[in-house]
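> structure for the following, please:
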Amino acid sequence: MSEKRTVIDKRIFYKLNISQRLLMKYFDREMLDKLGASVNQIAALFYISQNNGCLFKDLSNVLFQNKSATTTMVERMIKNDLIEKKNSETDGRASQIFLTDKGWKISHKAGPIVKLYNDRLMEKFDKNEIETIHKFLDFIIENYS
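Here you go, the predicted model:
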């Protein structure tokens, strides 16, 4: 059984860093156990399902990943039969990414699971507090991307 820690530190940057690491570690394990795909792969599947045939560079941009991290992730997803990569018909230097049948299935299964996790994260907060959380996170995304 893991030991609960009381956090009294008031450093926001520190707490964001630790929170992000703990959440990603937990949700990666959950998604891998339930669906066989990591959180980043699930995020990629969600994006591709809405933009099937998207360009590799667009996937990299929307996930805020560098090219090498996206390349590694895409190669794993191809190996796991979640996506397929094809040369662009309009630009010989570019690649398009498409979901496979397995990728579509996992994307559909992941939706309710992600919603459940989002709901759990917000269950202790009222509507105004949730709006403040969104405002804070949006500020970070808009000003530091």
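> from now on I want contacts and neighbour counts done on CA atoms only, so please keep to that.
Will do.
> next SSE downstream of the helix or strand hosting residue 107?
Using DSSP states H and E, residue 107 sits within helix 101-122. Sequence order places helix 127-144 as the next helix or strand after helix 101-122, per DSSP H and E.
> now the angle between helix 101-122 and that following helix, please.
Interaxial angle of helix 127-144 relative to helix 101-122 (axes from the mean of the first three to the mean of the last three CA atoms, to 10 degrees): 120 degrees.
> quick one: mean pLDDT over helix 127-144.
For helix 127-144, mean pLDDT rounds to 95.
> same question, stretch 12-22
So the average pLDDT for stretch 12-22 ends up being 93.
> distance between the helix or strand hosting residue 25 and the chain's centre?
Using DSSP H and E, residue 25 sits within helix 12-35. Chain-centre distance of helix 12-35: 11 Å, with CA atoms, centre = their mean, to the nearest Å.
> cool, and stretch 106-118?
Chain-centre distance of stretch 106-118: 11 Å, with CA atoms, centre = their mean.
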